[in-house]
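Colleague: Structure for the following, please:
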Amino acid sequence: MNIAAMPLASSIISLIFGVIVLDQFFARRKPYQLIWAIGLFMYCISTAAEFWTETWGLNETIYRLWYLIGAIFVAAYLGMGTLYLLTPRRLAHIIMAILLVASLYAIFRVFTVSLDLSTLYYLSGQAMPQGVRLMTPLFNTFGTVALVGGAIYSAWVYWRRKVMPHRVVSNILIAVGAILPAIGGTHMRLGGSLQLFYLFELLGIIIIFVGFLRNREVFGLYRFPLIHGLSKVPID
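Modeller: As a prediction, this is how the structure comes out:
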């Protein structure tokens, strides 16, 4: 398989996924749906930047965008969506405010530091100054713990109560899918294969999407009225 095909597939899947979740937000106006949709669109942008790099080469704008959106923001905003679902609204607002301030600082740093792309043999964080790279594990740890932990917690709650067993499976799938890109990113930072990272990104978004669709009871019944004119069946 052409290595560029994997981030392209990830970008397309996450775009479709994001549109569906945003559609659910318009139906129910739940904050977690909006934040999840933003996180999924970020996933789309970051993997599209990977596709661009593998197809047409790297430039400073694409690199800065990839590092900011993909390496720093994606996991954090997906995890933030989970916190809006599982924690009291006031607490979620406070954490969101902190995340937004930290995000503004990250944007400023990523787009103002000097880069030397000649040091890159493949797409990685090596061209970023160490001070910027130190932000990455903070954002990613927060997001991964929130997303994976929230999915595992939800699966445990449904299992303990012995209700809605399909949601146990759904949340387990989401947890597995969420942890795969984190494993791939860690492997790549330790000198592993970029191709394996792309594969884990692709498998991760596919498994999360399957978990989401499984949570909708049946694959064909969630709402998407722009195409089918179906009645609204909002995400829980």
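Colleague: got any ranges where this protein has weak pLDDT?
Modeller: Under the criterion pLDDT under 70, the flagged ranges of the chain are 1, 191, 216-236.
Colleague: 80 - rerun?
Modeller: Segments of the chain classed as low confidence (criterion: pLDDT under 80) are 1, 119, 121-122, 163, 165-166, 186-192, 214-236.
Colleague: Name the residue closest to the centre of it, please.
Modeller: Among the residues of the chain, residue 74 comes closest to the average C-alpha position under C-alpha atoms, centre = their mean, at 4.4 Å.
Colleague: Pretty sure it sits against residue 46.
Modeller: Yes: with contacts counted by C-beta atoms under 8 Å, residue 74 reaches residue 46, the gap being 5.8 Å. In this view, the C-beta of every residue, glycine as well, is placed from N, C-alpha and C.
Colleague: Span of stretch 183-198 from start to end?
Modeller: 11 Å (C-alpha to C-alpha, to the nearest Å).
Colleague: try stretch 68-81
Modeller: 19 Å.
Colleague: Identify the residues contacting that stretch?
Modeller: Contacting residues not belonging to stretch 68-81 are listed as 32-36, 38-40, 42-43, 45-47, 49-50, 92, 95-96, 99, 103, 106-107, 110-111, 125, 135-136, 139-140, 142-147, 150, 178, 181-182, 185 [C-beta atoms under 8 Å, 6 or more residues apart in numbering].
Colleague: one step back: quick check: nearest residue in space to the residue nearest to the centre of the chain, chain neighbours excluded?
Modeller: Once flanking residues are discounted, residue 74 sits nearest to residue 42: 4.7 Å by C-beta to C-beta, 6 or more residues apart in numbering.
Colleague: Now do the phi/psi pair for residue 108.
Modeller: phi -60, psi -50 (degrees, to the nearest 10).
Colleague: Residue 3 versus that one, what's the distance?
Modeller: Spatial separation of residue 108 from residue 3 under the definition C-beta to C-beta, to the nearest Å is 32 Å.
Colleague: Over to residue 127?
Modeller: Between residue 127 and residue 3 the distance is 20 Å, computed by C-beta to C-beta.
Colleague: Tell me which of those two has more neighbours.
Modeller: Of the pair residue 127 and residue 3, residue 127 is the one with more neighbours under other C-beta atoms under 10 Å, namely 21 against 15.
Colleague: check contacts around the more buried one.
Modeller: By C-beta under 8 Å, 6+ apart, the residues touching residue 127 are 63, 115, 116, 117, 119, 120.
Colleague: Let's see that with 6 Å instead.
Modeller: Residue 127 makes contact with 115, 116, 117, 119, 120, according to C-beta atoms under 6 Å, 6 or more residues apart in numbering.
Colleague: out of those, which one sits closest to residue 12?
Modeller: Within the contacts of residue 127, the smallest distance to residue 12 is 25.7 Å, found for residue 120 (C-beta to C-beta).
Colleague: Pull the contacting residues for that closest one.
Modeller: In this structure, residue 120 makes contact with 126, 127, judged by C-beta under 6 Å, 6+ apart.
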